[in-house]
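Asker: Any chance you could fold what I've pasted below:
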Amino acid sequence: MIMQNNLLEITINSIIFVIVFSCSLLFVFKLKNVTKGYKIFFISYVVFWIPLKLLRDYTSIIQNEINPHIVWLPLVMYGLVGIFIRPIADWLSLYIKNRKIILYMAVSIGIITFIPIIIYPSTETNIVQSVGVGIGASMIGTYELMFKEQYTKSKSFLTVSIMAFPPLIADFISAPIQSTIKIISSNTNQTLNLNIFIYLWVVGIVFYVITFIILFFVKEDRSKIGTTLNNIQLSGDKNKSSIKSIFLFVLVCLTGFFISFIKFSNSGSIATLTIQNLAQNMGIKDKIASIQAYLSTIFSLAQLLGTVFVANFLVKKTNKLISFSVGISLWILFQLIVIFNQNPYVYFGVSFFNGFAYGILYNLVLAYVLSMSFKTNKITPMGIYQSILSIGIASSSFLIPFLKDVLKNNQGYLIVNYALLGSIVLLELIFATAYIFDIQIFKNKMIIKKEAL
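Answerer: From the prediction side, this is the model:
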(Lines give C-alpha, C1' and ligand atoms only; values in the text may rest on other atoms or scores of the structure.)
Protein backbone atom coordinates (compact mmCIF):
# COMPACT_ATOMS: atom_id res chain seq x y z
CA MET A 1 0.00 0.00 0.00
CA ILE A 2 2.86 2.33 0.80
CA MET A 3 4.42 1.74 -2.58
CA GLN A 4 1.08 2.41 -4.33
CA ASN A 5 0.68 5.70 -2.47
CA ASN A 6 4.27 6.52 -3.25
CA LEU A 7 3.75 5.85 -6.95
CA LEU A 8 0.58 7.95 -7.00
CA GLU A 9 2.33 10.90 -5.32
CA ILE A 10 5.29 10.73 -7.69
CA THR A 11 2.96 10.52 -10.71
CA ILE A 12 0.87 13.51 -9.64
CA ASN A 13 3.93 15.55 -8.75
CA SER A 14 5.62 14.62 -12.04
CA ILE A 15 2.61 15.87 -14.02
CA ILE A 16 2.65 19.17 -12.12
CA PHE A 17 6.41 19.39 -12.57
CA VAL A 18 6.17 18.91 -16.36
CA ILE A 19 3.54 21.67 -16.59
CA VAL A 20 5.45 24.14 -14.41
CA PHE A 21 8.81 23.28 -15.97
CA SER A 22 7.43 23.74 -19.50
CA CYS A 23 5.84 27.08 -18.61
CA SER A 24 9.06 28.16 -16.90
CA LEU A 25 11.19 27.30 -19.93
CA LEU A 26 8.74 29.08 -22.23
CA PHE A 27 8.83 32.16 -20.02
CA VAL A 28 12.62 32.27 -19.67
CA PHE A 29 13.54 31.36 -23.25
CA LYS A 30 11.10 33.92 -24.67
CA LEU A 31 12.49 36.78 -22.58
CA LYS A 32 13.86 39.75 -24.44
CA ASN A 33 16.60 42.15 -23.37
CA VAL A 34 18.60 39.32 -21.80
CA THR A 35 22.12 38.50 -22.97
CA LYS A 36 22.53 35.13 -24.71
CA GLY A 37 23.99 32.31 -22.66
CA TYR A 38 21.72 32.67 -19.67
CA LYS A 39 19.91 29.36 -20.37
CA ILE A 40 22.72 27.10 -19.17
CA PHE A 41 23.19 29.43 -16.20
CA PHE A 42 19.49 29.06 -15.39
CA ILE A 43 19.75 25.26 -15.55
CA SER A 44 22.81 25.26 -13.28
CA TYR A 45 20.90 27.35 -10.74
CA VAL A 46 17.96 24.93 -10.78
CA VAL A 47 20.22 21.91 -10.16
CA PHE A 48 22.15 23.87 -7.49
CA TRP A 49 18.88 24.52 -5.64
CA ILE A 50 17.81 20.85 -5.51
CA PRO A 51 20.15 19.72 -2.66
CA LEU A 52 19.17 22.84 -0.69
CA LYS A 53 15.48 22.03 -1.10
CA LEU A 54 16.04 18.36 -0.35
CA LEU A 55 17.95 18.86 2.88
CA ARG A 56 17.30 22.28 4.40
CA ASP A 57 13.77 21.54 5.61
CA TYR A 58 14.69 18.06 6.88
CA THR A 59 17.57 19.11 9.12
CA SER A 60 15.10 19.55 11.98
CA ILE A 61 13.35 16.25 11.25
CA ILE A 62 16.49 14.12 11.52
CA GLN A 63 17.64 16.07 14.60
CA ASN A 64 14.25 15.48 16.20
CA GLU A 65 14.92 11.76 15.84
CA ILE A 66 18.48 12.01 17.18
CA ASN A 67 17.91 14.45 20.06
CA PRO A 68 14.65 16.46 20.13
CA HIS A 69 15.88 18.79 22.89
CA ILE A 70 18.49 20.49 20.69
CA VAL A 71 16.64 20.73 17.39
CA TRP A 72 17.63 24.39 17.32
CA LEU A 73 21.40 23.69 17.26
CA PRO A 74 21.93 22.61 13.61
CA LEU A 75 19.39 25.22 12.49
CA VAL A 76 21.33 27.98 14.23
CA MET A 77 24.56 26.78 12.63
CA TYR A 78 22.88 27.03 9.23
CA GLY A 79 22.12 30.70 9.88
CA LEU A 80 25.42 31.58 11.54
CA VAL A 81 27.43 30.29 8.59
CA GLY A 82 25.79 32.80 6.27
CA ILE A 83 26.67 35.76 8.49
CA PHE A 84 30.35 35.27 7.72
CA ILE A 85 30.34 33.41 4.40
CA ARG A 86 28.14 35.83 2.47
CA PRO A 87 30.30 38.97 2.84
CA ILE A 88 33.52 36.95 2.49
CA ALA A 89 32.29 35.32 -0.72
CA ASP A 90 31.15 38.71 -1.96
CA TRP A 91 34.52 40.34 -1.26
CA LEU A 92 36.60 37.43 -2.55
CA SER A 93 34.68 37.10 -5.82
CA LEU A 94 35.10 40.83 -6.43
CA TYR A 95 38.77 40.73 -5.45
CA ILE A 96 39.68 37.89 -7.81
CA LYS A 97 37.10 38.97 -10.40
CA ASN A 98 35.62 35.48 -10.52
CA ARG A 99 32.24 34.55 -9.06
CA LYS A 100 32.10 31.09 -10.65
CA ILE A 101 35.05 29.78 -8.65
CA ILE A 102 33.18 30.69 -5.46
CA LEU A 103 30.29 28.52 -6.64
CA TYR A 104 32.71 25.66 -7.31
CA MET A 105 34.03 25.97 -3.76
CA ALA A 106 30.51 25.94 -2.27
CA VAL A 107 29.51 22.84 -4.23
CA SER A 108 32.73 21.03 -3.25
CA ILE A 109 32.28 21.88 0.43
CA GLY A 110 28.67 20.70 0.24
CA ILE A 111 29.73 17.30 -1.10
CA ILE A 112 32.38 16.91 1.61
CA THR A 113 30.07 17.91 4.48
CA PHE A 114 27.28 15.55 3.42
CA ILE A 115 29.48 12.44 3.64
CA PRO A 116 29.78 12.20 7.49
CA ILE A 117 26.02 12.06 8.13
CA ILE A 118 25.68 9.30 5.53
CA ILE A 119 28.31 7.26 7.36
CA TYR A 120 26.97 7.93 10.87
CA PRO A 121 23.89 10.09 11.66
CA SER A 122 24.44 12.07 14.86
CA THR A 123 24.07 15.59 16.21
CA GLU A 124 27.68 16.33 15.25
CA THR A 125 27.34 15.09 11.67
CA ASN A 126 23.98 16.86 11.35
CA ILE A 127 25.67 20.11 12.33
CA VAL A 128 28.40 19.48 9.75
CA GLN A 129 25.89 18.90 6.94
CA SER A 130 23.88 21.92 8.10
CA VAL A 131 27.02 24.03 7.69
CA GLY A 132 27.38 22.66 4.15
CA VAL A 133 23.77 23.51 3.32
CA GLY A 134 24.27 26.96 4.88
CA ILE A 135 27.30 27.62 2.69
CA GLY A 136 25.29 26.56 -0.35
CA ALA A 137 22.41 28.85 0.61
CA SER A 138 24.93 31.68 1.04
CA MET A 139 25.66 31.43 -2.68
CA ILE A 140 22.13 32.46 -3.64
CA GLY A 141 23.18 36.12 -3.49
CA THR A 142 26.27 35.30 -5.58
CA TYR A 143 24.10 33.63 -8.22
CA GLU A 144 21.72 36.60 -8.33
CA LEU A 145 24.56 39.13 -8.60
CA MET A 146 26.25 37.06 -11.29
CA PHE A 147 23.01 36.79 -13.27
CA LYS A 148 22.43 40.52 -13.06
CA GLU A 149 26.01 41.36 -14.07
CA GLN A 150 26.23 38.90 -16.93
CA TYR A 151 22.71 38.95 -18.37
CA THR A 152 20.26 41.60 -17.12
CA LYS A 153 22.55 44.54 -16.27
CA SER A 154 20.53 47.20 -14.41
CA LYS A 155 17.13 45.48 -14.67
CA SER A 156 16.69 44.56 -11.01
CA PHE A 157 13.10 43.33 -11.16
CA LEU A 158 13.88 41.27 -14.28
CA THR A 159 16.65 39.57 -12.31
CA VAL A 160 14.33 38.93 -9.37
CA SER A 161 11.54 37.58 -11.62
CA ILE A 162 13.75 35.12 -13.51
CA MET A 163 15.62 33.97 -10.41
CA ALA A 164 12.31 33.16 -8.69
CA PHE A 165 11.73 30.17 -10.99
CA PRO A 166 14.66 27.84 -10.07
CA PRO A 167 13.59 27.34 -6.41
CA LEU A 168 10.09 26.35 -7.53
CA ILE A 169 11.35 23.92 -10.18
CA ALA A 170 13.79 22.47 -7.64
CA ASP A 171 10.87 22.00 -5.25
CA PHE A 172 8.90 19.97 -7.77
CA ILE A 173 11.93 17.79 -8.39
CA SER A 174 12.81 17.30 -4.71
CA ALA A 175 9.28 16.82 -3.33
CA PRO A 176 8.67 13.30 -4.73
CA ILE A 177 12.17 12.26 -3.66
CA GLN A 178 11.56 13.54 -0.12
CA SER A 179 8.13 11.93 0.03
CA THR A 180 9.40 8.57 -1.20
CA ILE A 181 12.32 8.39 1.25
CA LYS A 182 10.23 9.75 4.15
CA ILE A 183 7.49 7.12 3.68
CA ILE A 184 9.89 4.22 3.14
CA SER A 185 11.92 5.20 6.21
CA SER A 186 8.86 5.60 8.48
CA ASN A 187 8.42 2.81 11.03
CA THR A 188 5.12 1.55 12.43
CA ASN A 189 5.92 3.23 15.77
CA GLN A 190 6.02 6.64 14.02
CA THR A 191 9.81 6.94 14.16
CA LEU A 192 12.28 7.12 11.27
CA ASN A 193 14.75 4.49 10.14
CA LEU A 194 17.78 6.75 9.81
CA ASN A 195 19.68 4.15 7.78
CA ILE A 196 17.14 4.74 4.99
CA PHE A 197 16.46 8.43 5.66
CA ILE A 198 20.12 9.38 5.09
CA TYR A 199 19.71 8.54 1.40
CA LEU A 200 18.39 12.10 1.07
CA TRP A 201 22.00 13.24 1.49
CA VAL A 202 23.20 10.67 -1.05
CA VAL A 203 20.80 12.19 -3.59
CA GLY A 204 22.00 15.66 -2.57
CA ILE A 205 25.59 14.69 -3.39
CA VAL A 206 24.51 13.37 -6.80
CA PHE A 207 22.87 16.68 -7.72
CA TYR A 208 25.85 18.67 -6.46
CA VAL A 209 28.13 16.60 -8.70
CA ILE A 210 25.81 17.38 -11.63
CA THR A 211 25.96 21.08 -10.70
CA PHE A 212 29.75 20.96 -10.65
CA ILE A 213 29.78 19.54 -14.19
CA ILE A 214 27.22 22.02 -15.56
CA LEU A 215 29.18 24.98 -14.18
CA PHE A 216 31.98 24.11 -16.62
CA PHE A 217 29.67 25.22 -19.42
CA VAL A 218 28.60 28.49 -17.76
CA LYS A 219 30.51 31.37 -19.32
CA GLU A 220 31.54 34.33 -17.20
CA ASP A 221 32.79 37.64 -18.55
CA ARG A 222 35.06 38.69 -15.70
CA SER A 223 35.20 42.28 -16.96
CA LYS A 224 31.52 42.66 -16.02
CA ILE A 225 31.97 41.70 -12.38
CA GLY A 226 31.14 44.64 -10.13
CA THR A 227 30.11 46.86 -13.05
CA THR A 228 26.31 46.73 -12.86
CA LEU A 229 24.49 50.02 -13.28
CA ASN A 230 22.69 51.03 -10.09
CA ASN A 231 20.04 53.59 -9.21
CA ILE A 232 21.35 54.43 -5.75
CA GLN A 233 24.96 54.98 -4.73
CA LEU A 234 25.92 54.83 -1.07
CA SER A 235 28.99 56.64 0.19
CA GLY A 236 30.56 57.73 3.45
CA ASP A 237 30.55 61.42 2.54
CA LYS A 238 29.16 63.62 5.29
CA ASN A 239 26.69 65.49 3.11
CA LYS A 240 22.96 65.44 3.75
CA SER A 241 22.11 63.28 0.76
CA SER A 242 24.71 60.62 1.60
CA ILE A 243 23.64 60.44 5.24
CA LYS A 244 20.03 59.95 4.18
CA SER A 245 21.05 57.23 1.74
CA ILE A 246 23.07 55.39 4.38
CA PHE A 247 20.21 55.67 6.87
CA LEU A 248 17.86 54.37 4.20
CA PHE A 249 20.13 51.36 3.65
CA VAL A 250 20.18 50.66 7.40
CA LEU A 251 16.38 50.69 7.44
CA VAL A 252 16.28 48.36 4.44
CA CYS A 253 18.65 45.96 6.23
CA LEU A 254 16.49 46.10 9.37
CA THR A 255 13.46 45.35 7.21
CA GLY A 256 15.30 42.42 5.67
CA PHE A 257 16.24 41.11 9.11
CA PHE A 258 12.62 40.92 10.23
CA ILE A 259 11.47 39.43 6.92
CA SER A 260 14.12 36.72 7.27
CA PHE A 261 13.37 36.16 10.97
CA ILE A 262 9.64 35.75 10.39
CA LYS A 263 10.03 33.63 7.26
CA PHE A 264 12.34 31.10 8.89
CA SER A 265 10.13 31.07 12.00
CA ASN A 266 7.00 29.93 10.16
CA SER A 267 8.30 27.99 7.14
CA GLY A 268 11.08 25.62 6.06
CA SER A 269 12.46 23.27 8.72
CA ILE A 270 10.35 24.76 11.49
CA ALA A 271 7.13 24.48 9.47
CA THR A 272 7.94 20.87 8.57
CA LEU A 273 8.45 20.06 12.24
CA THR A 274 5.39 22.08 13.29
CA ILE A 275 2.99 20.25 10.98
CA GLN A 276 4.43 16.96 12.26
CA ASN A 277 3.82 18.02 15.88
CA LEU A 278 0.28 19.22 15.12
CA ALA A 279 -0.47 15.85 13.51
CA GLN A 280 1.04 14.03 16.49
CA ASN A 281 -1.20 15.99 18.87
CA MET A 282 -4.19 14.75 16.85
CA GLY A 283 -2.83 11.20 16.67
CA ILE A 284 -2.41 11.23 12.88
CA LYS A 285 1.35 11.66 12.54
CA ASP A 286 1.63 8.62 10.26
CA LYS A 287 -0.94 10.08 7.85
CA ILE A 288 0.84 13.34 7.04
CA ALA A 289 4.22 11.93 5.98
CA SER A 290 3.33 12.38 2.30
CA ILE A 291 2.15 16.00 2.50
CA GLN A 292 5.15 17.08 4.58
CA ALA A 293 7.31 16.89 1.47
CA TYR A 294 4.92 19.18 -0.39
CA LEU A 295 4.78 21.89 2.27
CA SER A 296 7.85 23.58 0.80
CA THR A 297 6.38 23.19 -2.70
CA ILE A 298 3.19 25.02 -1.73
CA PHE A 299 5.26 27.79 -0.16
CA SER A 300 7.57 28.13 -3.18
CA LEU A 301 4.71 28.14 -5.68
CA ALA A 302 2.98 30.89 -3.72
CA GLN A 303 6.29 32.76 -3.41
CA LEU A 304 6.69 32.67 -7.18
CA LEU A 305 3.16 33.99 -7.71
CA GLY A 306 3.85 36.71 -5.16
CA THR A 307 7.00 37.65 -7.06
CA VAL A 308 5.15 37.87 -10.37
CA PHE A 309 2.34 39.84 -8.71
CA VAL A 310 4.65 42.44 -7.16
CA ALA A 311 6.82 42.78 -10.29
CA ASN A 312 4.05 43.00 -12.86
CA PHE A 313 1.23 44.68 -10.97
CA LEU A 314 1.89 46.16 -7.53
CA VAL A 315 5.01 48.20 -8.35
CA LYS A 316 3.34 49.54 -11.49
CA LYS A 317 -0.07 50.36 -10.01
CA THR A 318 0.78 51.43 -6.45
CA ASN A 319 3.63 52.84 -4.38
CA LYS A 320 6.05 50.76 -2.34
CA LEU A 321 4.29 51.30 0.98
CA ILE A 322 0.96 49.99 -0.33
CA SER A 323 2.71 47.07 -2.03
CA PHE A 324 4.49 46.23 1.22
CA SER A 325 1.25 46.51 3.19
CA VAL A 326 -0.43 43.97 0.90
CA GLY A 327 2.25 41.43 1.78
CA ILE A 328 2.01 42.29 5.48
CA SER A 329 -1.78 41.82 5.42
CA LEU A 330 -1.41 38.33 3.95
CA TRP A 331 1.18 37.42 6.57
CA ILE A 332 -1.15 38.60 9.34
CA LEU A 333 -3.97 36.54 7.81
CA PHE A 334 -1.76 33.44 7.82
CA GLN A 335 -0.75 33.93 11.46
CA LEU A 336 -4.34 34.47 12.62
CA ILE A 337 -5.52 31.30 10.88
CA VAL A 338 -2.78 29.07 12.33
CA ILE A 339 -3.34 30.55 15.80
CA PHE A 340 -7.07 29.80 15.88
CA ASN A 341 -7.02 26.56 13.89
CA GLN A 342 -4.35 24.00 14.73
CA ASN A 343 -5.34 21.34 12.22
CA PRO A 344 -2.23 20.16 10.26
CA TYR A 345 -4.18 20.04 7.00
CA VAL A 346 -5.34 23.64 7.49
CA TYR A 347 -1.74 24.61 8.28
CA PHE A 348 -0.67 22.96 5.04
CA GLY A 349 -3.32 24.79 2.99
CA VAL A 350 -2.84 28.28 4.39
CA SER A 351 0.92 28.02 3.80
CA PHE A 352 -0.03 29.42 0.40
CA PHE A 353 -0.76 32.80 2.04
CA ASN A 354 2.55 32.55 3.87
CA GLY A 355 4.53 32.01 0.67
CA PHE A 356 2.62 34.63 -1.32
CA ALA A 357 3.25 37.26 1.35
CA TYR A 358 6.94 36.39 1.52
CA GLY A 359 7.21 36.54 -2.28
CA ILE A 360 5.93 40.12 -2.23
CA LEU A 361 7.98 41.36 0.72
CA TYR A 362 11.29 39.62 0.03
CA ASN A 363 11.47 40.48 -3.66
CA LEU A 364 10.28 44.05 -3.16
CA VAL A 365 13.20 44.72 -0.85
CA LEU A 366 15.65 42.53 -2.81
CA ALA A 367 15.05 44.47 -6.05
CA TYR A 368 15.80 47.64 -4.14
CA VAL A 369 19.05 46.28 -2.71
CA LEU A 370 20.12 45.14 -6.19
CA SER A 371 19.73 48.74 -7.35
CA MET A 372 22.25 49.98 -4.76
CA SER A 373 26.03 50.24 -4.95
CA PHE A 374 28.96 51.43 -2.86
CA LYS A 375 31.71 53.69 -4.17
CA THR A 376 34.16 50.93 -3.27
CA ASN A 377 34.12 47.58 -5.07
CA LYS A 378 35.52 45.70 -2.07
CA ILE A 379 32.01 44.76 -0.97
CA THR A 380 28.46 45.26 -2.21
CA PRO A 381 25.21 46.19 -0.46
CA MET A 382 23.98 42.70 -1.41
CA GLY A 383 26.80 41.12 0.63
CA ILE A 384 25.93 43.14 3.74
CA TYR A 385 22.20 42.63 3.22
CA GLN A 386 22.59 38.85 2.86
CA SER A 387 24.61 38.79 6.11
CA ILE A 388 21.79 40.62 7.89
CA LEU A 389 19.36 38.05 6.53
CA SER A 390 21.59 35.32 7.97
CA ILE A 391 21.40 36.95 11.40
CA GLY A 392 17.62 36.80 11.09
CA ILE A 393 17.80 33.12 10.11
CA ALA A 394 20.13 32.26 13.01
CA SER A 395 17.97 34.19 15.49
CA SER A 396 14.75 32.47 14.45
CA SER A 397 16.43 29.06 14.23
CA PHE A 398 17.46 29.31 17.89
CA LEU A 399 14.57 31.19 19.47
CA ILE A 400 11.52 29.48 17.96
CA PRO A 401 12.46 25.79 18.48
CA PHE A 402 13.85 26.68 21.92
CA LEU A 403 10.59 28.32 22.99
CA LYS A 404 8.54 25.45 21.62
CA ASP A 405 10.66 22.96 23.54
CA VAL A 406 10.60 24.94 26.79
CA LEU A 407 6.95 25.95 26.72
CA LYS A 408 5.76 22.64 25.27
CA ASN A 409 2.63 21.72 23.36
CA ASN A 410 -0.27 24.13 22.81
CA GLN A 411 0.98 26.93 25.08
CA GLY A 412 4.34 27.16 23.34
CA TYR A 413 2.70 27.03 19.92
CA LEU A 414 0.38 29.93 20.75
CA ILE A 415 3.05 32.10 22.39
CA VAL A 416 5.39 31.67 19.43
CA ASN A 417 2.72 32.53 16.88
CA TYR A 418 1.44 35.53 18.83
CA ALA A 419 5.06 36.75 19.01
CA LEU A 420 5.39 36.34 15.25
CA LEU A 421 2.15 38.27 14.76
CA GLY A 422 3.62 41.12 16.81
CA SER A 423 6.85 40.98 14.77
CA ILE A 424 4.86 41.32 11.54
CA VAL A 425 3.12 44.43 12.85
CA LEU A 426 6.51 45.83 13.93
CA LEU A 427 7.88 45.13 10.45
CA GLU A 428 5.12 47.22 8.90
CA LEU A 429 5.86 50.07 11.32
CA ILE A 430 9.58 50.00 10.46
CA PHE A 431 8.90 50.17 6.76
CA ALA A 432 6.22 52.85 7.18
CA THR A 433 8.58 54.94 9.34
CA ALA A 434 11.25 54.74 6.66
CA TYR A 435 8.72 55.74 4.02
CA ILE A 436 7.53 58.74 6.05
CA PHE A 437 11.09 59.72 7.08
CA ASP A 438 11.85 61.02 3.65
CA ILE A 439 9.12 60.38 1.11
CA GLN A 440 11.19 62.05 -1.56
CA ILE A 441 13.97 59.45 -1.23
CA PHE A 442 11.48 56.65 -1.61
CA LYS A 443 9.79 58.25 -4.60
CA ASN A 444 12.96 59.05 -6.48
CA LYS A 445 15.19 56.15 -5.48
CA MET A 446 13.10 53.25 -4.24
CA ILE A 447 10.64 53.17 -7.12
CA ILE A 448 12.23 51.12 -9.88
CA LYS A 449 12.32 53.06 -13.12
CA LYS A 450 10.26 51.67 -15.97
CA GLU A 451 13.29 51.15 -18.14
CA ALA A 452 14.80 48.93 -15.44
CA LEU A 453 11.85 46.53 -15.45
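Asker: For stretch 337-345, buried residues please.
Answerer: By 16 or more other CB atoms under 10 Å, the buried positions in stretch 337-345 come out as V338, Q342, P344, Y345. Yep, even glycine has a C-beta here, placed from its N, CA and C like the rest.
Asker: neighbouring contacts of it?
Answerer: 266, 275-276, 278-279, 281-282, 284, 288, 291, 346-347, 350, 353, 410, 413-414, 417-418, 421 (CB atoms under 8 Å, 6 or more residues apart in numbering).
Asker: go on, stretch 72-84?
Answerer: 56, 59-60, 63, 123, 126-127, 129-131, 133-135, 137-138, 264, 269-270, 386-387, 389-402, 405.
Asker: Please identify the helix or strand for F247.
Answerer: Per DSSP states H and E, F247 falls inside helix 240-266.
Asker: Check which element follows that helix along the chain.
Answerer: Note on helix 240-266: by DSSP H and E, the next helix or strand toward the C-terminus is helix 268-281.
Asker: how far off helix 240-266 does the next helix or strand after that following helix point, in degrees?
Answerer: Next along the chain after helix 268-281, taking DSSP H and E as the criterion, comes helix 289-309. Angle of helix 289-309 versus helix 240-266, following axes from the mean of the first three to the mean of the last three CA atoms, to 10 degrees, is 160 degrees.
Asker: Centre of the chain to helix 289-309, how far?
Answerer: Here helix 289-309 is found 11 Å from its chain centre; the criterion is CA atoms, centre = their mean, to the nearest Å.
Asker: in it, what counts as buried?
Answerer: Applying 16+ other CB under 10 Å to helix 289-309 flags 289-309 as buried.
Asker: Run through the stretch 201-350 of the chain and note the low-pLDDT ranges.
Answerer: Along the stretch 201-350 of the chain, the model assigns pLDDT under 70 to residues 226-244, 284-286, 289-290, 293.
Asker: Which of the contacts of stretch 337-345 are buried? Put it as a ChimeraX command.
Answerer: This is the ChimeraX syntax for the buried subset of those, where burial follows 16+ other CB under 10 Å:
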select :266,275,276,278,279,288,291,347,350,353,413,417,421
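Asker: can you map out the helices along the stretch 351-453 of the chain?
Answerer: In the stretch 351-453 of the chain, the segments counted as helices under DSSP state H, counting those that start in this stretch are 381-407, 409-437, 439-441.
Asker: ok, and which of those has the densest surroundings?
Answerer: Across those, averaging neighbours per residue (mean count of other CB atoms under 10 Å) puts helix 381-407 on top, at a mean of 22.
Asker: For the stretch 101-250 of the chain, which segments count as strands?
Answerer: In the stretch 101-250 of the chain, the strands defined using DSSP state E, counting those that start in this stretch lie at 232-234.
Asker: Verify the contact between E428 and I328 for me.
Answerer: Yes: between E428 and I328 there is a contact at 4.6 Å, judged by CB atoms under 8 Å.
Asker: Show me which residues of the helix holding F247 are buried.
Answerer: Neighbour-count burial for helix 240-266, counted by 16+ other CB under 10 Å, picks out 245, 248-249, 251-266.
Asker: So what's the gap between that helix and the chain middle?
Answerer: Centroid separation for helix 240-266 versus its chain: 17 Å, with CA atoms, centre = their mean.
Asker: what's the answer for stretch 120-131, then?
Answerer: 21 Å.
Asker: Give me the residues contacting that stretch.
Answerer: Residues outside stretch 120-131 that contact it (CB under 8 Å, 6+ apart) are 55, 59, 62-63, 66-67, 70, 73-75, 77-78, 81, 113-114, 116-117, 119, 194, 197-198, 201.
Asker: quick revisit: compare the mean pLDDT across the helices of the stretch 351-453 of the chain and name the weakest.
Answerer: Least confident of the helices of the stretch 351-453 of the chain, judged by mean pLDDT, is helix 439-441 with a mean of 57.
Asker: So V338 versus G349, what's the distance?
Answerer: Using CB to CB, to the nearest Å, V338 is found at 10 Å from G349.
Asker: joint contacts of those two?
Answerer: Contacts common to V338 and G349, judged by CB under 8 Å, 6+ apart, are absent.
Asker: can you pull out the helices in the stretch 51-200 of the chain?
Answerer: 59-66, 72-95, 100-119, 123-138, 140-147, 156-163, 165-185, 194-197, 199-215.
Asker: out of those, nearest to C23?
Answerer: Ranking the helices of the stretch 51-200 of the chain by distance to C23, with CB to CB as the measure, places helix 165-185 first at 9.2 Å.
Asker: Tell me how far that closest one lies from the chain's centre.
Answerer: Centroid displacement of helix 165-185 relative to its chain, using CA atoms, centre = their mean, is 16 Å.
Asker: Now do that helix: which elements does it pack against?
Answerer: If you count contacts as 3 or more CB pairs under 8 Å, 6 or more residues apart in numbering; DSSP states H and E, helix 165-185 packs onto helix 2-29, helix 38-55, helix 194-197, helix 199-215, helix 289-309.
Asker: Minimum distance to L168: which of those has it?
Answerer: The nearest among those, by CB to CB, is helix 289-309 at 4.6 Å.
Asker: How far off centre is whichever helix or strand comes after the closest one?
Answerer: Counting by DSSP H and E, the next helix or strand C-terminal to helix 289-309 is helix 315-317. Taking CA atoms, centre = their mean, one finds the center of helix 315-317 at 24 Å from the center of the full chain.
Asker: Quick check: phi and psi at I96.
Answerer: With angles defined as degrees, to the nearest 10, I96 sits at phi -90, psi 0.
Asker: That one and I291: what is the separation?
Answerer: 45 Å.
Asker: Ramachandran angles for V218?
Answerer: Per degrees, to the nearest 10, the backbone of V218 is at phi -80, psi 120.
Asker: I169: neighbour count?
Answerer: Neighbours of I169 under the rule other CB atoms under 10 Å: 24.
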